[in-house]
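**Student:** Below are the sequence and a predicted model for it; my questions follow.
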Amino acid sequence: MITVIKNMVGYLRPYKLLTTLFFIGLFLDLAFVSLAPLSFKFMLDNAIVPHDYGQFYFILTILGIAGLIGFSSGIMSDYMLSKLSSRVQKDLRSRLFAHLQHANIAYFQRARASDLLSYLTGDLAAIDRAITVILTTGIQSVSVVLISAFVLFILEWSMAVFVLIGALLIFAGPYLLGGRAQAVNAGYKEQMSLVSGDIQENIKAQRVIKGFNLQQIMIDKFNTRLQAMFVIDYKRNVINSNLERIPMISLLLINFTIIGFGSYLALEGHITVGALVAFFTMYTSMGNSVFNLTFAIPSFTDAKVSMERIQRLLDEQNEANGASQLVIPDGQQPDIRAAGLSFRYNDGQQDVLKAVDLYIPPGTTAAFVGSSGSGKSTMMQLILGFYEPGEGYIRINGRSLQELDKGSLREEIGIVFQDNFLFRGTIMDNIRISKPLATEEEVVRAAARAEIDDFIKSLPDGYDTEVLDDGSNFSGGQRQRIAIARAILRDPPILLLDEATSALDPISEASINETFRHLSHNRTVVTVTHRLSAITEADGIFVFDQGELVESGTHKQMLEAGGYYKELWDKQNGLSVSLSGEEAEIDEHRLSRLPFFRDMNIEVLSEIKGLFNTETFGTGDRVIHEGEAGNKFYIIARGKVEISKRPVGNAERTRLAVLADGDHFGEIALLENVPRTADVTALTECTFLTLQRRVLHYVLSQYPELDSRVRDKLKERYN
Ligand SMILES: Nc1ncnc2c1ncn2[C@@H]1O[C@H](COP(=O)(O)OP(=O)(O)OP(=O)(O)O)[C@@H](O)[C@H]1O
């Protein structure tokens, strides 16, 4: 209770005048409420018993005037209280939201969105309730109890002692149950945010849920969650009603004692009838107040839990920030250097970047490439200052990121991600968000450079067209171009492109890559991609493998060197996809690099390459189901897939690998009767080249020796 009151005083501190006015109103109101019962004594003893009309009118007038003052003061305090509680709500909400804006990015990965929402809604509402209860029922009841207790002692001390002992009994129950009530309330809030988290996730995942026919699994999972919530909700209701019920029983006991003992004292002539009536009336009003207080106890417990939850969020560390500003003069292009850079996301995790040294000269275009999970995106996030390196440093224009103010760093950067969030609002607002003071002309110019201006102007509402939820009223390519316009509105000296085109269809990809080529003049550009054909012209290519920078140089240099880059290149080279993405081809030389076709006669491979079909899948589509009988082999001509397995008895899938352009899977199906050993799901739009077992074996049957060699090689891989 002390913590709640202490916090509340802190919340009210900025509003001294409002709070003072509130208290003046409140005290005048409750002075009337608590002293009014005394009028019975005066009325009975001074007016009714002696039949004194003068006293009768006098007491009535005083009572009327006091009532009027009390009533108007009550209205004033209500008004002040409404204002105070709304202000406190607004302050807390704004403080929490501002805190979130500066929280470490890792926090958003740990925290559930539903938790954050419940802080800003449910918890603040609980605090609001407690403030209202403390400032009204709380203060009113405590004051009435104190004033009444004082008057009761004056009227008849022996009866007052009974009342006091009873009052202590009233609070004993809530005191003993308090700890448990608090734990149950905290558990309930936790369950509540899990439930809203499930609902949010479910709404977002509807396409996947329907696509994989997961409705029943989702219903069962949700019902299990509801069952856990039901149990804790039931406990919470029981404990809250006990908190209210126990004091009521104590109150009845005191009533009984006072009626008996008081009447005995009056019978014995120790007190007047007026004093007995006044005592009982006063005591009833005090009892009501005590009763009100006990009703307020659950809101205290609730608010205490909410205050602790909110405090945990406010204690969350802000993003680390240096003091010095990065200023890159107009027309200058910065360089980027990393030295001895090591990083891991969590303690206990292996380093995902290991002693990386690299240098990107001013005004050049650099590309980070490597297989999935090799650390390319992590490197990009470190350049953005989203995380602090474990060891080593990154310097931009010679300035270490650790000493820089992150805001000033990001002012100099334009970034385009694979998925760019479009906010609700107009296209104009969405582009302007990166430079709020930009004029309309500047926005239009940026859109023109992102080659989306013509399209926007062709819309009936032009730049005032509303962007629907998540930009769903635009195609992937259009969304991406709006994001590019946003990034270049600042005309940043550094442009970061993180898989910026990999989710797009081949036509959009080609044309956006062209746009990037134009934009890269006079800027330092860093691009992360797994599609090597897009970066052959980069000034420097940095190849990552399992967190290490294993090779760097130009495309030409590294092809000549014949190292890991050449291996990656060979995997993607020899595959082509039509601009529509509907047709793909593979050449016989690329086929000969597949382990089971290795060193096979090139003429036979020319025949086999014609047997491949093209198949396309959308994001989230299941390509292969674990356990089904497979009959096809897949080569990824374009796109990214996840290989996953559902361990027995576990509803959550485990990711085994991510494969992308040039990778292949499912070759075991080229052997007879082998069920699929994992699920394969498309992570982006995918174009595959597929080869049917039947067809392959029909061709190979003409070359018995080759046929058995392929089978042997496949068996070797399977075993
Ligand atoms: N937020 C995170 N928390 C913990 N580990 C992470 C996090 N993000 C990435 N990782 C891990 O760090 C490693 C490098 O990931 P990163 O995303 O940098 O690879 P990448 O080369 O960009 O892969 P992709 O091409 O699939 O995006 C991976 O093993 C990945 O699982």
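**Tutor:** Looks like it came in fine. Just so you know, these numbers come straight off a predicted model, no measurement behind them. Numbers count the residues shown, from 1 in each chain.
**Student:** need the contact list for the residue in the stretch 201-350 of the chain positioned nearest to the ligand.
**Tutor:** Across the stretch 201-350 of the chain, the shortest distance to the ligand (CB to the nearest ligand atom) belongs to Y345, at 3.4 Å. From N, CA and C alone the C-beta is placed, and that goes for glycine too. With contacts defined as CB atoms under 8 Å, 6 or more residues apart in numbering, Y345 is in contact with 106, 352, 378, 387.
**Student:** ok, which pair from those is furthest apart?
**Tutor:** The largest separation in the contacts of Y345, counting by CB to CB, is between A106 and V352 at 13.2 Å.
**Student:** What score does the residue of the stretch 201-350 of the chain closest to the ligand have for pLDDT?
**Tutor:** For Y345, the model assigns a pLDDT of 90.
**Student:** That one looks like it's in a strand, true?
**Tutor:** No: according to DSSP: H, G, I helix; E, B strand; the rest coil, Y345 belongs to no strand; its state is coil.
**Student:** Tell me which of A106 and V352 has more neighbours.
**Tutor:** Higher neighbour count among A106 and V352: V352, with 20 against 14, using other CB atoms under 10 Å.
**Student:** Am I right that that one is in contact with G370?
**Tutor:** No: between V352 and G370 there is no contact under CB atoms under 8 Å: 11.8 Å.
**Student:** Make CSV from the contacts of Y345 and add secondary structure to it.
**Tutor:** Formatted as CSV, those follow (three-state DSSP):
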residue, secondary structure
A106, helix
V352, coil
T378, helix
Y387, coil
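**Student:** Format those residues as CSV; extra columns: pLDDT and distance to the ligand.
**Tutor:** Converted to CSV, the contacts of Y345 look like this (pLDDT from 0 to 100; distance: CB to the nearest ligand atom, whole Å):
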residue, pLDDT, distance to the ligand
A106, 80, 7
V352, 94, 4
T378, 93, 3
Y387, 90, 9
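**Student:** I'd like to know how many residues surround the residue nearest to A483 when sequence neighbours are not counted.
**Tutor:** Spatially, and ignoring its direct neighbours in sequence, A483 is nearest to N420 (3.4 Å; CB to CB, 6 or more residues apart in numbering). Using other CB under 10 Å, N420 is surrounded by 19 other residues.
**Student:** Confirm N420 sits in a helix?
**Tutor:** No: counting by three-state DSSP, one finds N420 to be coil, located in no helix.
**Student:** From D91, how far out is it?
**Tutor:** For N420, the distance to D91 (CB to CB, to the nearest Å) stands at 33 Å.
**Student:** quick one, strands of the stretch 501-650 of the chain?
**Tutor:** 524-528, 540-545, 548-553, 575-577, 584-586, 613-617, 622-624, 632-638, 640-645 (DSSP state E, counting those that start in this stretch).
**Student:** Name the residues that touch the fifth one?
**Tutor:** Pointing back at strand 584-586 there. Taking CB under 8 Å, 6+ apart as the rule, strand 584-586 contacts 574-578, 609, 612, 614, 635, 637-638, 687-689.
**Student:** So what are the sheet partners of it and their directions?
**Tutor:** strand 575-577 (antiparallel) (DSSP bridges).
**Student:** tell me the average confidence for the partner strand?
**Tutor:** 87.
**Student:** before we move on, the earlier item: please spell out the PyMOL selection for the buried subset of the contacts of strand 584-586.
**Tutor:** Here is the PyMOL selection string for the buried members of the contacts of strand 584-586, based on 16 or more other CB atoms under 10 Å:
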select buried, resi 574+575+577+609+612+614+635+637+638+687+688+689
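**Student:** Tell me which helix or strand comes right after the helix ranked longest in the chain.
**Tutor:** If you go by DSSP state H, the chain has its longest helix at helix 215-267. For helix 215-267, the following helix or strand on the C-terminal side (DSSP states H and E) is helix 273-315.
**Student:** Report the angle between that next one and helix 215-267.
**Tutor:** 150 degrees (axes from the mean of the first three to the mean of the last three CA atoms, to 10 degrees).
**Student:** So which elements touch helix 273-315?
**Tutor:** Using 3 or more CB pairs under 8 Å, 6 or more residues apart in numbering; DSSP states H and E, the elements in contact with helix 273-315 are helix 2-12, helix 38-42, helix 53-101, helix 124-133, helix 139-155, helix 157-204, helix 215-267.
**Student:** I'd guess D357 is in a helix, am I close?
**Tutor:** No: per three-state DSSP, D357 lies outside any helix segment and is strand.
**Student:** For it, grab the count of nearby residues.
**Tutor:** 12.
**Student:** Ranking helices and strands of this protein by mean pLDDT, which lands last?
**Tutor:** Ranking every helix and strand in the chain by mean pLDDT, DSSP states H and E puts helix 206-211 at the bottom, with a mean of 66.
**Student:** Could you list the contact residues of this protein toward the ligand?
**Tutor:** 109, 345-346, 352, 370, 372-378, 530, 658 (CB under 6 Å from any ligand atom).
**Student:** which of those residues count as buried?
**Tutor:** 352, 370, 372-378, 530, 658.
**Student:** quick check, nearest of those to E201?
**Tutor:** V658 (21.4 Å).
**Student:** Tell me which helix or strand the closest one sits in.
**Tutor:** Going by DSSP H and E, V658 is part of strand 654-660.
**Student:** Report the distance from that strand to the chain centre.
**Tutor:** 25 Å (CA atoms, centre = their mean, to the nearest Å).
**Student:** quick one: average confidence on it?
**Tutor:** pLDDT averaged over strand 654-660 equals 88, rounded to a whole number.
**Student:** Okay, now the unreliable bits of the stretch 151-300 of the chain?
**Tutor:** 205, 207-213 (pLDDT under 70).
**Student:** coming back round to it: touching, the residue nearest to A483 and A485? I think so.
**Tutor:** No: contact criterion CB under 8 Å: N420 and A485 do not qualify, at 10.6 Å.
**Student:** Let me see the confidence value for E716.
**Tutor:** pLDDT, E716: 69.
**Student:** sorry, back to before: winner for burial among the strands of the stretch 501-650 of the chain?
**Tutor:** strand 524-528 (a mean of 26; mean count of other CB atoms under 10 Å).
**Student:** what are the pairing partners of that one, and which direction each?
**Tutor:** Counting by DSSP bridges, strand 524-528 is paired with strand 365-370 (parallel), strand 494-498 (parallel).
**Student:** okay if I get those strands as a markdown table plus mean pLDDT?
**Tutor:** What follows is the strands paired with strand 524-528, written out as a markdown table (pLDDT from 0 to 100):
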| stretch | mean pLDDT |
| --- | --- |
| strand 365-370 | 95 |
| strand 494-498 | 92 |
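**Student:** Would you mind putting these into CSV with distance to T536 alongside?
**Tutor:** Below are the strands paired with strand 524-528 laid out as CSV (distance: least, CB to CB, whole Å):
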stretch, distance to T536
strand 365-370, 9
strand 494-498, 15
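**Student:** so which of the ones you listed gets nearest V142?
**Tutor:** V142 lies closest, by CB to CB, to one member of the strands paired with strand 524-528: strand 494-498, at 59.2 Å.
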